[in-house]
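[1] Quick one, fold the following:
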Amino acid sequence: MKADCIRPIILHFFAAFSLAFLACDNCSDTVDAPVSTPIRFSIVDAAGKNLVDSTRSYYSVDSVKLFDLEEKQWLYMTSQYIPAERGYVFLADCRKNNKGKSSLILQLNSLDSDTLDVWYQQRNTKCFTLYEFTHFQHNGKDLQKSPLTSALLITKAN
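    Numbers count the residues shown, from 1 in each chain. From the prediction side, this is the model:
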């Protein structure tokens with residue numbers, strides 16, 4: 001008798017489980033769509049000290065901006081104070097194009113701006129297109145990442 005009671009439960013479980021796999025093929029649900037990782041960077045001096053902190057920093061967190069040269073528009077950026085870094089990490093994303101490269105102007109204040117070149121590759125999945133950053137240059141020089149936050153380290157001489 002117990003086997004007769006368990007069998008319908010098992011059949012319902014397998015039916016629900018198989019429907020869950022069928023839902024994965026439906027690309028109309030974009031609620032859980034993966035997003036491309038944003039560009040993360042910090043502005044540091046030659047010794048690695050963050051130049052945008054919460055006290056008397058060399059640059060103000062509010063003055064740092066990114067401008068997309070191809071799109072001719074300012075990019076939306078956020079900043080996050082990281083206590084271990086003793087300063088801010090900035091996050092932004094740029095518009096992607098079919099060349100796989102975007103050139104940005106990094107405005108640090110009204111008198112100081114640099115170039116930031118970003119390379120990326122397109123990765124197509126069944127339902128979504130994702131972009132993966134592959135290379136970064138600041139004023140023509142390759143960028144290194146912070147060992148603590150993995151943010152790009154934009155080095156400025158102050």
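
[2] Which pLDDT value goes with the residue nearest the centre of the chain?
    Among the residues of the chain, the one closest to the centroid is residue 38, at 1.3 Å (Cα atoms, centre = their mean). Here the pLDDT value assigned to residue 38 is 85.

[3] And for residue 99?
    On pLDDT, residue 99 comes in at 83.

[4] burial measure for it, as a count.
    10 (other Cβ atoms under 10 Å). Where C-beta positions appear, they are placed from N, C-alpha and C, glycine not excepted.

[5] for residue 141, same thing?
    Residues near residue 141, counting by other Cβ under 10 Å, number 10.

[6] is it in a bridge, and if so with what?
    Taking DSSP bridges as the rule, residue 141 bridges to residue 138.

[7] Tell me where the chain is predicted with low confidence.
    Low-confidence segments of the chain, defined by pLDDT under 70: 1-36, 158.

[8] which residues touch the lengthiest strand in it?
    In the chain, assigned by DSSP state E, the strand with the most residues is strand 112-124. The contact list for strand 112-124, computed with Cβ atoms under 8 Å, 6 or more residues apart in numbering, reads 39, 41, 59, 66, 94, 96, 100-108, 129-140, 154, 156.

[9] strands paired with it, and their directions?
    Strand 112-124 is paired, per DSSP bridges, with strand 101-109 (antiparallel), strand 129-138 (antiparallel).

[10] Could you pull out the helices in this structure for me?
    Under the criterion DSSP state H, the chain contains helices at 2-23.

[11] If you count neighbours, what's buried in the longest strand of the chain?
    Buried residues in strand 112-124, counted by 16 or more other Cβ atoms under 10 Å: 116, 117, 118, 120.

[12] any chance of the strands paired with strand 112-124 in CSV, plus distance to residue 46 and mean neighbour count?
    Compiled in CSV, the strands paired with strand 112-124 are given as follows (distance: least, Cβ to Cβ, whole Å; neighbours: other Cβ atoms under 10 Å):
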stretch, distance to residue 46, mean neighbour count
strand 101-109, 16, 17
strand 129-138, 13, 15
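
[13] picking that back up, phi, psi of the residue nearest to the centre of the chain?
    In terms of degrees, to the nearest 10, the main-chain angles of residue 38 are phi -80, psi 170.

[14] Brilliant, that's me finished.
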